[in-house]
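**Student:** Only the shape, not the letters, is given here:
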């Protein structure tokens, strides 16, 4: 029978906290939590908001041209044609967010594939692939994006592909470094000794252990894609009217900065808020998934 002296310290010991430690660390990161909630609200507003408004994004009210925000039935005012700014903002959000998420998915697919092969095989294969990545990184992404955009018919699909083709290189470098570090770990060597094929080792053993930096990179890539779409649409090479995007809303508004500044301020503020929130989310995920924080 244990003595009372033995039982007392055990009873006094604090109970071990249950739950996922990474989730607890993320929930303690207030800016990341704010970013996640804001992104969720934006996605829901863009998905369902247009159905709740009395005007659609193509409705023209010539009698209400350049109506200022909060001064009539148009909550955020109207543009030069009398179109409701809020309706256009939400429809543009559908396009910009869709471009952001789709370009992120495609760039991650390319970057992960290149980094996985380069990190796993190393040697000549890895050197050739990574020197190609370095060569692509030598070109400023915005100029490379504009150069490619000048040769294709601008639409949503082509813009997604173009942005992805200029955003996968950083992902490839991150994945290559992670896979190269994991390649010689005991679990990978054991899987190879047991007769597992290269594809199985890469996809079942190495890639799952490199997911933390990949997830963080994915969130930051969404922010990059939204900014890139805004750049090229603002310069006239991106999404073309009458299809709205946050970038071409800015492009259409630059003529009226003096007379109707809200036409530029509103989409500009939404772009800044969205990109900032994705960056907050990426910071929070990085801290939450950091193995060095596992003991916290």
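**Tutor:** On my side now, so go ahead. Computed from a predicted structure; not experimentally measured.
**Student:** what does whichever strand or helix holds residue 128 contact?
**Tutor:** Per DSSP states H and E, residue 128 falls inside helix 123-137. Helix 123-137 is contacted from outside by 114, 117, 118, 119, 144, 169, 170, 172, 173, 176, 180, using CB atoms under 8 Å, 6 or more residues apart in numbering. Where C-beta positions appear, they are placed from N, C-alpha and C, glycine not excepted.
**Student:** In contact with the second one: list those residues for me.
**Tutor:** It stands for residue 117. With CB under 8 Å, 6+ apart, residue 117 has these contacts: 125, 126, 129, 202.
**Student:** residues contacting residue 31?
**Tutor:** 280, 283, 284.
**Student:** Between those residues, which sits nearest residue 138?
**Tutor:** residue 283 (27.8 Å; CB to CB).
**Student:** Give me the pLDDT for residue 99.
**Tutor:** Per-residue pLDDT puts residue 99 at 91.
**Student:** burial measure for it, as a count.
**Tutor:** 28 (other CB atoms under 10 Å).
**Student:** taking the contacts of residue 31 one by one, which sit in helices?
**Tutor:** Among the contacts of residue 31, the residues falling in helices (DSSP state H) are 280, 283, 284.
**Student:** out of those, which are buried?
**Tutor:** Among the ones in helices among the contacts of residue 31, those classed as buried by neighbour count (16 or more other CB atoms under 10 Å) are 280, 283, 284.
**Student:** Name the residues that touch the helix or strand where residue 253 lies?
**Tutor:** Element membership of residue 253, judged by DSSP H and E, is helix 246-253. Contact with helix 246-253 is made by 79-80, 88-89, 92-93, 96, 226, 229-236, 238-241, 260, 263-264, 267-268, 270-271, as judged by CB under 8 Å, 6+ apart.
**Student:** Quick check: which ranges of this structure have low pLDDT?
**Tutor:** Residue ranges of the chain with pLDDT under 70: 1-19, 291-296.
**Student:** and residue 140, backbone torsions?
**Tutor:** phi -60, psi 130 (degrees, to the nearest 10).
**Student:** Give me the neighbour count for it.
**Tutor:** 10.
**Student:** separation between it and residue 229?
**Tutor:** 17 Å (CB to CB, to the nearest Å).
**Student:** same thing with residue 151?
**Tutor:** 18 Å.
**Student:** This completes my enquiry, with thanks.
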